[in-house]
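the sequence isn't on hand, but the structure is:
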DNA sequence: GACCTTGTTAGACAACTGTCTTAGGATACA
DNA sequence: TGTATCCTAAGACAGTTGTCTAACAAGGTC
């Protein structure tokens, strides 16, 4: 029974996000930030979560003066990438296009974003058609 | 300590997918399908998973002759919807556009899909600009 | 020195997941 | 009728997640 690969559960993700925002934080700083954002956790809970993140190798800690300072090792970009890939694999037959379609159909974009999306798309199509041109 | 809302773990999702594909299935049918797809599970494992799905209200069972026949109650569409929403909320600040951009940038679409995406987008932009036109 | 305040550590504990073993009820066929 | 099949039921058991209590160390304060 192979050990499961490490995942990032919701609660850990919440504290990781704080580290991305602040760059680094002590338990107490993270706690304050999370409290401000509505999470009613105890100090020990946050400490545990940071600890678990560290055993998974996703953050590092560095003792400074009184308290440990935690820094993210994994970036938001990486986490997003993994999550999206896994979603596409599991629910969109590995076809990112299906997910894009789904998103556009069910969530209207605001005009600025729509424009940006279009330009990315045009660029992509431009290359493709220049390349195939049969 | 509020009970956590029911989720659909990976293993359950795999059997649910079989139900979506086949429309309905007995434990054995699901097992065969999963085996064919490479999942090396025992009969009892599949039975347990279907059972858990049923307690979560995501499938129903109906005794036919020998065995129970399970049918999905929740659709693939619904599950996709929820997953996408939660991904967007958790990692894209609730902005679906960011996810769309990310997808387009990191996963090139094939031309047919690109075309389809563009048409959906054009339609959307058409409405918007007609509507705001200030 | 006796006490707070902050911090860390260890561990508790229930719910959820991933998998399976085993016991027991039907069905089927020799 | 006995035995091989196939099914459900019950529950085991370890690993993960969500959250916390409680013990204990180090730095100030009176």
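Nice, I can see it. It should be emphasised that the depicted structure is a prediction, and the values quoted were computed from it without experimental measurement.

gap between stretch A:35-46 and the chain center?
Here the centre of stretch A:35-46 is set off from its chain's centre by 20 Å, with C-alpha atoms, centre = their mean, to the nearest Å.

and what of stretch A:17-29?
Here the centre of stretch A:17-29 is set off from its chain's centre by 15 Å, with C-alpha atoms, centre = their mean.

give me the mean pLDDT for that stretch.
For stretch A:17-29, mean pLDDT rounds to 97.

got it, and stretch A:39-53?
Across stretch A:39-53, pLDDT averages out at 97.

is that stretch positioned near chain B?
No. Stretch A:39-53 is not in contact with chain B by C-beta under 8 Å from any C-beta of the partner chain; minimum separation 11.8 Å. The C-beta positions use only the backbone N, C-alpha and C, and glycine is treated the same way.

which positions within that stretch qualify as buried?
Buried positions in stretch A:39-53, judged by neighbour count with 16 or more other C-beta atoms under 10 Å in any protein chain shown: A:39, A:41, A:45, A:46, A:47, A:48, A:49, A:50, A:52, A:53.

how close does the fourth one get to residue A:7?
Applying C-beta to C-beta, to the nearest Å, one obtains 19 Å for the distance of residue A:46 from residue A:7.

likewise the fifth one?
When distances are taken as C-beta to C-beta, residue A:47 and residue A:7 turn out to be 20 Å apart.

returning to that earlier point: just the ones of the buried residues of stretch A:39-53 in helices?
Within the buried residues of stretch A:39-53, residues falling in helices by DSSP state H are A:45, A:46, A:47, A:48, A:49, A:50, A:52, A:53.

ok, and the closest non-adjacent residue to the last one?
Beyond its immediate neighbours in the sequence, the residue positioned closest to residue A:53 (C-beta to C-beta, 6 or more residues apart in numbering or on different chains) is residue A:59, lying 4.6 Å away.

quick check on the one you found: phi, psi?
phi -140, psi 160 (degrees, to the nearest 10).

so which bits of the host helix or strand of residue A:85 are buried?
Element membership for residue A:85 (DSSP states H and E) is helix A:76-91. Residues A:79, A:80, A:83, A:84, A:87, A:88, A:90, A:91 are the ones in helix A:76-91 that count as buried (16+ other C-beta under 10 Å).

the helix or strand just after it versus helix B:76-91: what angle between them?
Counting by DSSP H and E, the next helix or strand C-terminal to helix A:76-91 is helix A:96-106. Angle of helix A:96-106 versus helix B:76-91, following axes from the mean of the first three to the mean of the last three C-alpha atoms, to 10 degrees, is 90 degrees.

retrieve the pLDDT associated with residue A:128.
At residue A:128, the predicted lDDT confidence score is 50.

residue A:41: what's it in contact with?
A:31, A:34, A:35 (C-beta atoms under 8 Å, 6 or more residues apart in numbering or on different chains).

oh, I was asking about residue A:46
Shown in contact with residue A:46 (C-beta under 8 Å, 6+ apart): A:15, A:27, A:30, A:31, A:34.
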